[in-house]
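generate coordinates for the sequence data below:
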Amino acid sequence: MSTRVGIGYDVHQLVEDRPLIIGGIEIPHSKGLAGHSDADVLLHAICDALLGAAALGDIGMHFSDSDVRWKGVNSRILLRKVKEMVSDAGYELTNVDASIALERPKLRPYIDRMRQVIAEDLAMDLNQISVKATTSEKLGIIGREEAAAAWAVCLLTRSARQ
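Here you go, the predicted structure:
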């Protein structure tokens with residue numbers, strides 16, 4: 001078996017009149033994330049980690065923000081498509097570890113549901129998915145409540161015969 005590690009990062013601006021969707025779920029808040037799709041920073045970071053580990057490019061390469069097919073798309077669809085691409089390339093996902101940075105609202109009440117959604121979309125056991133949340137202690141664009149960001153790492157395994 002060979003293993004590959006991938007890392008992903010995404011950031012989106014917080015704006016009025018958009019739903020706040022993180023980890024595939026809508027979170028009650030006065031602002032949401034701006035973007036061509038639903039702007040789910042967590043799922044986008046996970047997609048980039050998976051694509052990077054498999055050397056398949058990045059989310060923008062496969063789901064361009066200039067392509068109308070992806071306008072307003074639910075990022076869970078993107079995550080499932082990326083999982084399929086990674087599987088088709090001969091890789092199996094071992095685990096995902098992700099962190100979200102957002103000043104408000106507090107995400108702790110939503111983390112378990114996010115993990116369930118991600119595990120479902122990636123066809124994994126819940127214990128293979130870790131999601132954590134933090135703030136920026138009022139520093140920078142996250143601390144000023146202008147944006148949210150997410151980081152993700154993953155481990156892929158591939159048979160030496162492939």
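
now the helix or strand of the chain with the lowest mean pLDDT: buried residues?
Every helix and strand of the chain was ranked by mean pLDDT, DSSP states H and E. The lowest is helix 59-62, at a mean of 94. Residues of helix 59-62 classed as buried: 59, 62 (neighbour count, 16 or more other CB atoms under 10 Å). Where you see a C-beta, it was placed from the backbone N, CA and C, and this is true even at glycine.

which strands or helices does that helix pack on?
helix 41-53, helix 75-88 (3 or more CB pairs under 8 Å, 6 or more residues apart in numbering; DSSP states H and E).

against which helices or strands is the longest one packed?
Taking 3+ CB pairs under 8 Å, 6+ apart as contact, the helices and strands that helix 75-88 lies on are helix 41-53, helix 59-62, helix 108-122.

out of these, which one sits most buried?
helix 41-53 (a mean of 27; mean count of other CB atoms under 10 Å).

distance of the closest residue to residue 57 other than its chain neighbours from residue 119?
Residue nearest to residue 57 in three dimensions, not counting chain neighbours: residue 51, with 5.7 Å by CB to CB, 6 or more residues apart in numbering. Relative to residue 119, residue 51 is positioned 19 Å away (CB to CB, to the nearest Å).

no further questions, thank you.
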